[in-house]
Structures are given as structure tokens and as C-alpha cells.
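# Mind folding the following:
(2 chains)
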Protein chains: 2
Amino acid sequence: MRKPRALMAGDQVRIVAPASPTTKESIEGGIAFLEGLGFKVALGESVFDRDGYLAGSDEDRAADLQQAFADPDVAAVVCARGGYGCARLLRHLDLDAMAASDKMFVGFSDITTLHLALNRRGLATYHAPMLLTFSVEREPWVYESFRRLLSGEDPIVDGAPRGKTLRQGVAEGPLTGGCLCLLTDSLATPDAVDCKGRIVLIEDVDENPHRVDAMLTHLENAGVLNEAAGIVVGEMTGTDERSDPKIGTWPWLRIVEDRLACWNVPIIVDYPIGHKKNMLSLPLGLRVRLNADAGTLTLLEDPCA
Amino acid sequence: MRKPRALMAGDQVRIVAPASPTTKESIEGGIAFLEGLGFKVALGESVFDRDGYLAGSDEDRAADLQQAFADPDVAAVVCARGGYGCARLLRHLDLDAMAASDKMFVGFSDITTLHLALNRRGLATYHAPMLLTFSVEREPWVYESFRRLLSGEDPIVDGAPRGKTLRQGVAEGPLTGGCLCLLTDSLATPDAVDCKGRIVLIEDVDENPHRVDAMLTHLENAGVLNEAAGIVVGEMTGTDERSDPKIGTWPWLRIVEDRLACWNVPIIVDYPIGHKKNMLSLPLGLRVRLNADAGTLTLLEDPCA
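Numbering: from 1, shown residues only, chains lettered A, B, ... in the order given. Next comes the predicted model:
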């Protein structure tokens, strides 16, 4: 797995919006934070475009992304927000060229689709806050974790909460995964999530309870999750609020426990990643140790080249 | 493809609840309708069980289903309702034995999962109302279509509305498909939907607009939908009401048009199937003709043996 180089003061960070639309106001805070770290922030041409739930046409979003990876002046490509739209771009992108650029790529949620595609092509990427994330005040360690990862330091900072043990044990492997619905949306495609021997992140937002069940069951029926070395669940944010009285419900934590009970590997839940109120920044594709007894992840290699 | 025999007065119809829970009151109307047609209605043991969004444990729901198919006194197995739960049963069922029974199997929505598994094993099944469907008054032709299909007559009755042309042309092939999220939930599993040379039904209920896009994009990225001979879209019921102002929206019809525009096969939309207010009963696995100019489907073989 190839790694991007660590960012240095003066490096250009290119902002792209490959999924849903954003506004200037909602990403101001994120830009100010990046500039405060000493980086030059530049925006992709169509970042503020808007067409329904997409930040402009597929062609324009793909062109911004491709151009960012191709530009020798760009050191890191950071997504403005997730939402939905990356899966529509796959056929428009030269993913091999993007991966070969060895640039730093940052995002989560819908961006999971691009992480899977770039990791599969040998480039480590970063499951970390996007600009929209910083439109809400987060705990100081969220900013520090993000800063450290971009700088090539260990992003698993003191102060971040541990996960809760669902099944004890210790496992090591490359980190993969991300937002659950994008993991299932990848199945049967050329860029399907590969869990074999890996530590798998799983989290999601605004899903109905029975859909969380359906997606975890899909990963099981597809024979995918049974290959994992370990599982790290974040939060199913907003799921308990989406109980449908027409069909009944369980709390998301019970659903996750029920659906993962069959896997005899270390598992933790409630780990601070993804759509949780406060989240760590983590490198995807690189080796980590999951200690499910302690509720911790530890990087086993430097996050940058 | 093997077909069930047509039902006759006095035949036993066994009601099962393989997915979400139901109540006595909500299926009374459906039972009365079936009894009015001259059938004996018997209930599976756990039909009124309830555990969260499931009609009882996986073991009990699977046992009811398996027993219904194994019982020589049962002529047809009709689902009480959909919701969610069939995908959890796959590992508990002897699907080969079920298919070999040549019994009539009736349902839609979450039941799509079982249709795919039984069709793949050579048994034609029926995409048709469930008991819960009849808890609401439907147009007279809905009852007549259902009665005709169970009796081995042509269920495409006069009075049912036609579909609207999305792409002109005429195509023939076996009928497959059903509820969109169950079609995508099948991908990469042993019972994945096979669209090759087939006329594919697509409909869903209560999905967010961007999820309809994501699922149609998934079928495309998985190289599945491009093999279809023709596409018959019902309705994305309740989708327009689920617009999320956080990410923007399109009407479901625009999403479907956008996502299917790339397929050069006959396509109709708004055809009366699935979660529409009024719906036809159709056999899955059997050959049909789609005339997209006229907005019609025509059965090319008898629906029963």
C-alpha cells in the first residue's frame, strides 16, 4: 500500500464536492481551520454547484476530482461534504491515474465509495472530517487528530473515547470500511469492499432500524463480513429516531449486536468515527491493531510516507 | 420453469409472516376475501408473533414457511405482509425443497427476496397482494386480477391502467424483479437477481430520493441492469414526501428517468404493481411481452400448470 506524503506549511489543499451540494457559509469554518494550520486552500471549480441532491453534474464533479489529483501543485484533496453522489462518478473517473498520484485524499460517509476504489488501487486514504464537519464546534481532540493525520503523526490522540467491547480479543490487519450503505452499495461491483483479514469500520447516519439490519444481513449473505479479522462499529446516528411504528423497532445497538453475534472476531461498538458527534481521523489501507478488550485501535505503521 | 397448479374451491391457503409483524385485525379483510373465493384459510403457527420489526424469531418464521411448503394439504402459501425479514431466513430454509414442492407462493415487497430464491430454483411465483393489502379498499380490478391469477386465468384485467412510455419498443422475456431495495440487497449473494434477457419489475416504498438513485446506480455499477430485455417501473411510493432539505432533491420520476436513460431497451413507468394504490397480480419467472409503446404487459404463457 502506497502512502501520501505528510503535508507541510504552504502546501495546497484542494477542496472538491464529489457528492451533495454545499454552501460557502457551511464550509467557511473548515477553510479557516485548514488555513490556520498553514495550508493554502483552493476550491474546485464546481464546489458550489447544485442540482437536486448533487453538487452539479456528474461530469463537472468528476472533472474537479480528476483535475485535483492530476495537478502537481495539489498536495491533498479534501472533500467538502458527503451526502450522495460518488457512486455516479465511478464510470467518469480514471481511478488508476488518481491512485497513482499518491496524493492525500480525505473524507468519509458517501466518500467511502472513493476510498474503496483508491485503496483497491494501492493508495492509502484518510477516513476523516470534511469541511462541513467543522461547521459545528467539535471537541479539541477532533481538530488535533485531524491535524496530526495530515501532518503524518499518530492521529489516535489522548482524550478520544474508547469503544465498548462487544466481543473480546485482539486482531491486526489493514483498516477498511466506512459508511455501511456505501459498503453494501459496493457489493458485486468492481470496487466491492474486501474485508478479508482486515479490521472493518462500520457506521452510518439517518438509516431506518430495519435497514441497518438489512445491510448487515446483506454483508453476511454475500459472505463478506465473515472474512473480517475484526470489526469496529461507530454509531448508527439518527437511527433510533427513525423507528417506524408501522413495522416495529429495536434500538440500533441491539440490531448491531444481533447481526454481528455470529462472528467470532474481536468487535467494539461506539468507537469515535464517522457521523458521531466527535470523531477521530484514521488512515484506510494501513495496518492497525484492534484491542477489543481495551476498546482501542493502534496504528502499526506511520500514516504517511 | 415449473408452475404451480391453479387453485380450486376447497383448497387450503396457508398464511405465513416471514417478515414484519401483523395483527389479526389488519388481515381480517384479506382472509374474508380468500374465504369468499371458496378457499380454506389456515394460519402458520407464528403468524401473529412480534419481536421488534420481525414477526417472531427467525427460527419460527422459517419453520412456518418450511412447514407450509412441506404440507401436502397446502395448495398455496400467501404472505401476510412484507416489511423486513426474509433475508434473515435464507440460511434457515431448505429452499430446494420449497421450490420442488411446486406450490403457489404469493407476496411482494420484502417477499422479493424469496421470489428470487425460488425462481432461481425453477419455480414460478406470484408478485401479488398480501393479506395486509386488503386492509385498505382497492379498485375492483385489483381483486379480480388476484382471483384470476390464483385460478390460473390471465390476471392482466381490463380496467387496470397502462404504464407510461419512457423508452419505446417491444421486448419479450421471463418476468423478474420486484422491490428495488431487495433487488440490490440480493447482489453478490447466491440468490442475486438475474436480469439477463428478462423483463424487470422495479418499485419501492418509503425510500429517500437519493437512495432510489443510489440503488439504481448500484444495479448499473454491478453490471446487472444492462442485461435486461426491458424494464417496468411501478412507483416509488412515498419517496417525494421524503425529500431531505439537508441535501436537496429531485422528484422520483426524474431520478428514474435519469438513471435508466442509458439503457436502450423498452421501458415503462407508473405501471400498476407493488406499492401503488392499486396493483395487478403477475407471475414471476414466466414469459411476458412488454409493449412500451402501448404501456402494456402481456402474458405469453398460462400462469399455472
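# measure the spatially most central residue of chain A to B:Trp250 for me?
Centroid check for chain A by CA atoms, centre = their mean gives A:Phe108 as the closest residue, at 2.9 Å. Distance check for A:Phe108 against B:Trp250: by CB to CB, to the nearest Å, it reads 24 Å. To be clear about C-beta, it is placed using only N, CA and C from the backbone, and glycine gets the same treatment.
# And for A:Lys164?
40 Å.
# Of the two, which one has the most company?
B:Trp250 (21 against 14; other CB atoms under 10 Å in any protein chain shown).
# show me the residues around the spatially closest residue to that one that is not a sequence neighbour that make contact.
Beyond its immediate neighbours in the sequence, the residue positioned closest to B:Trp250 (CB to CB, 6 or more residues apart in numbering or on different chains) is A:Gly52, lying 4.0 Å away. Contact analysis of A:Gly52 by CB atoms under 8 Å, 6 or more residues apart in numbering or on different chains lists B:209, B:248-250, B:254.
# tell me, how many neighbours does the closest residue to A:Ser243 other than its chain neighbours end up with?
Of all residues not flanking A:Ser243 in the chain, A:Thr249 sits nearest, at 3.7 Å (CB to CB, 6+ apart). Neighbourhood size, A:Thr249 [other CB under 10 Å]: 18.
# Do I have it right that A:Gly56 meets A:Asp49?
Yes: assessed by CB atoms under 8 Å, A:Gly56 is found in contact with A:Asp49 at 2.8 Å.
# got any residues that touch both of the two?
Both A:Gly56 and A:Asp49 are in contact with A:17, A:21, where contact means CB under 8 Å, 6+ apart.
# The two: who's more crowded?
Set A:Gly56 next to A:Asp49 and count neighbours by other CB under 10 Å: A:Gly56 wins out with 22 against 17.
# host element of that one?
Under DSSP states H and E, no helix or strand contains A:Gly56.
# residues contacting it?
Residues in contact with A:Gly56 (CB under 8 Å, 6+ apart) are A:17, A:21, A:46, A:49-50.
# quick one: A:Leu7 from chain B, how far?
Distance, A:Leu7 to chain B, using CB to the nearest CB, to the nearest Å: 29 Å.
# unless I'm mixing things up, that residue is touching A:Ser151, no?
Yes: the pair A:Leu7 / A:Ser151 is scored as a contact, 6.2 Å apart, by CB under 8 Å.
# Could you check which of those two has the larger neighbour count?
A count of neighbours by other CB under 10 Å puts A:Leu7 above the other of A:Leu7 and A:Ser151, at 22 against 16.
# Give me the phi and psi for the residue lying closest to that one once chain neighbours are set aside.
Leaving aside its sequence neighbours, A:Leu7 sits nearest to A:Leu150 (CB to CB, 6+ apart; 4.7 Å). Backbone torsions for A:Leu150, taken as degrees, to the nearest 10, come to phi -60, psi -30.
# My guess is A:Leu150 contacts A:Gly38. True?
No: judged on CB under 8 Å, A:Leu150 makes no contact with A:Gly38 at a distance of 10.4 Å.
# Between these two, tell me which one has more neighbours.
Neighbours were tallied for A:Leu150 and for A:Gly38 using other CB under 10 Å; the higher tally belongs to A:Leu150 (28 against 12).
# what's the spacing between the more buried one and A:Tyr271?
To A:Tyr271, A:Leu150 is 21 Å away according to CB to CB.
# could you pull out the helices for the stretch 151-300 of chain A?
A:180-185, A:209-221, A:252-260 (DSSP state H, counting those that start in this stretch).
# Tally up the residues packed near the spatially closest residue to A:Thr189 that is not a sequence neighbour, please.
Sequence neighbours aside, B:Asn221 is the residue nearest to A:Thr189 in space, at 4.3 Å (criterion: CB to CB, 6+ apart). Per other CB under 10 Å, the neighbour tally for B:Asn221 reads 24.
# who touches B:Asn221 in this structure?
Applying CB under 8 Å, 6+ apart, we find B:Asn221 in contact with A:87, A:90-91, A:185, A:189-190.
# Quick check: ChimeraX command selecting the buried ones in the residues you listed.
ChimeraX command restricting these to the buried ones, with burial defined by 16 or more other CB atoms under 10 Å in any protein chain shown:
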select /A:87,90,185,189
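# Tell me, please, where in chain A the pLDDT is lower than the cut-off.
Along chain A, segments meeting pLDDT under 70 are nowhere present.
# hey, where'd the strands end up in it?
For chain A, the strands defined by DSSP state E occupy A:12-16, A:40-43, A:74-79, A:104-107, A:125-127, A:164-167, A:170-179, A:199-205, A:230-237, A:267-269, A:282-284, A:287-291, A:296-299.
# now the residue of chain A positioned farthest from its centre: how far from chain B?
Largest separation from the mean C-alpha position in chain A: A:Lys246, at 32.4 Å (CA atoms, centre = their mean). Separation of A:Lys246 from chain B (CB to the nearest CB) stands at 8 Å.
# show me the contacts for A:Pro272.
Residues near A:Pro272 by CB under 8 Å, 6+ apart: A:160-161, A:163, A:234, A:278-280.
# ok, 6 Å please
If you count contacts by CB atoms under 6 Å, 6 or more residues apart in numbering or on different chains, A:Pro272 has them with A:160-161, A:278-280.
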